[in-house]
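Student: Got a predicted model here, sequence first, then my questions.
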Amino acid sequence: MLKIVWSIIVLTLGFVAFYLFWPRALDLPQIGTVKEWPFTEVNGKEVSHQDKPKLVTFFFTNCPDVCPMTFIELKELQEAMQKKGIADDAYSILAVTLDPEFDTEERIRQYAENMGIAKSNWLFLRGTEEETMQFTQSFHFTYTKNAEGFVTHSTSMYIVDPKDRIRSLHNMSVGTRRVNIEEIADQLEQFIN
């Protein structure tokens, strides 16, 4: 009987160790691939996000709730990454405007300043209407702009690995649902290590 109990304990500890130490990046499926990054960074920075993991999110500056709340929470992501000892230049947060007609480079810069976003690895990207629409299709991200200029959009963000493969999606901040900062930080860290 004692032999059976010890066998169960050893097996249980083995499964726990396997779960804890097995590389989790292998668990993330490849959802899609980003074929090109057709955007301009609004501060004129070179968009050097190749060979590093990135969180891709979409926004528009007139968004009354989801976008600003998500960005407030993503500032916590940067803090979480710092606590893990991960430098800002090891990953990127890429925010792509869904309304390039209204969101001029100046308007986006002012928006970022008002949100208190100043880290060099948080890049605000802007392209043409056509480039934006084609880019969102890689992510199966949907949005529409009505006659009054208001944008309605999906509420997903995406982890893209260093080889530009889309590996996971995460919810933006909607109502009482918060961004899962810990999970995003863990997934970004997997692709850094």
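Tutor: Great, that's in hand. Predicted model only: the values in this text are computed from it and were never measured.
Student: CA atoms for contacts and neighbours, from now on please.
Tutor: Noted.
Student: Please state the backbone phi and psi of P64?
Tutor: phi -80, psi -20 (degrees, to the nearest 10).
Student: Show me the shaky parts of this protein.
Tutor: 1-26, 46-50 (pLDDT under 70).
Student: Run through the strands of it in chain order.
Tutor: 32-33, 40-41, 54-59, 92-97, 122-126, 143-145, 151-153, 156-160, 165-171 (DSSP state E).
Student: What pairs with the fifth one, parallel or antiparallel?
Tutor: Translated: strand 122-126. strand 40-41 (antiparallel), strand 92-97 (parallel) (DSSP bridges).
Student: for the first one, same thing?
Tutor: Under the criterion DSSP bridges, strand 32-33 sits next to strand 165-171 (antiparallel) in its sheet.
Student: returning to what we had before: minimum distance to K83: which of the strands of the chain has it?
Tutor: With respect to K83, and counting by CA to CA, the nearest of the strands of the chain is strand 92-97 at 16.3 Å.
Student: so which of the strands of the chain gets nearest M133?
Tutor: The nearest among these, by CA to CA, is strand 143-145 at 8.6 Å.
Student: same for the closest one, what does it pack against?
Tutor: Applying 3 or more CA pairs under 8 Å, 6 or more residues apart in numbering; DSSP states H and E, we find strand 143-145 packed against strand 151-153.
Student: in the strand it packs on, what counts as buried?
Tutor: In terms of neighbour count (16 or more other CA atoms under 10 Å), strand 151-153 has its buried residues at 151, 153.
Student: partners of it, with directions?
Tutor: strand 143-145 (antiparallel).
Student: contacts for the strand it pairs with?
Tutor: For strand 143-145, contacts defined as CA atoms under 8 Å, 6 or more residues apart in numbering pick out 98, 151-154.
Student: Go again with 6 Å.
Tutor: Here strand 143-145 makes contact (CA atoms under 6 Å, 6 or more residues apart in numbering) with 151-153.
Student: in it, what counts as buried?
Tutor: Within strand 143-145, no residue counts as buried by 16+ other CA under 10 Å.
Student: same question, stretch 32-40
Tutor: Result for stretch 32-40 [16+ other CA under 10 Å]: buried residues 34, 39-40.
Student: can you tell me the distance between the two ends of it?
Tutor: Length of stretch 32-40, first residue to last, CA to CA, to the nearest Å: 22 Å.
Student: Return the distance of that stretch from the chain's centre.
Tutor: 14 Å (CA atoms, centre = their mean, to the nearest Å).
Student: Could you measure from the residue nearest the centre of the chain over to E106?
Tutor: Centroid-nearest residue in the chain: L55, 2.3 Å away (criterion: CA atoms, centre = their mean). As for L55, its distance to E106 is 23 Å (criterion: CA to CA).
Student: C67: what's its closest spatial neighbour, skipping adjacent residues?
Tutor: F59 (5.6 Å; CA to CA, 6 or more residues apart in numbering).
Student: For that neighbour, the count of nearby residues, please.
Tutor: The local packing of F59 (other CA atoms under 10 Å) involves 21 other residues.
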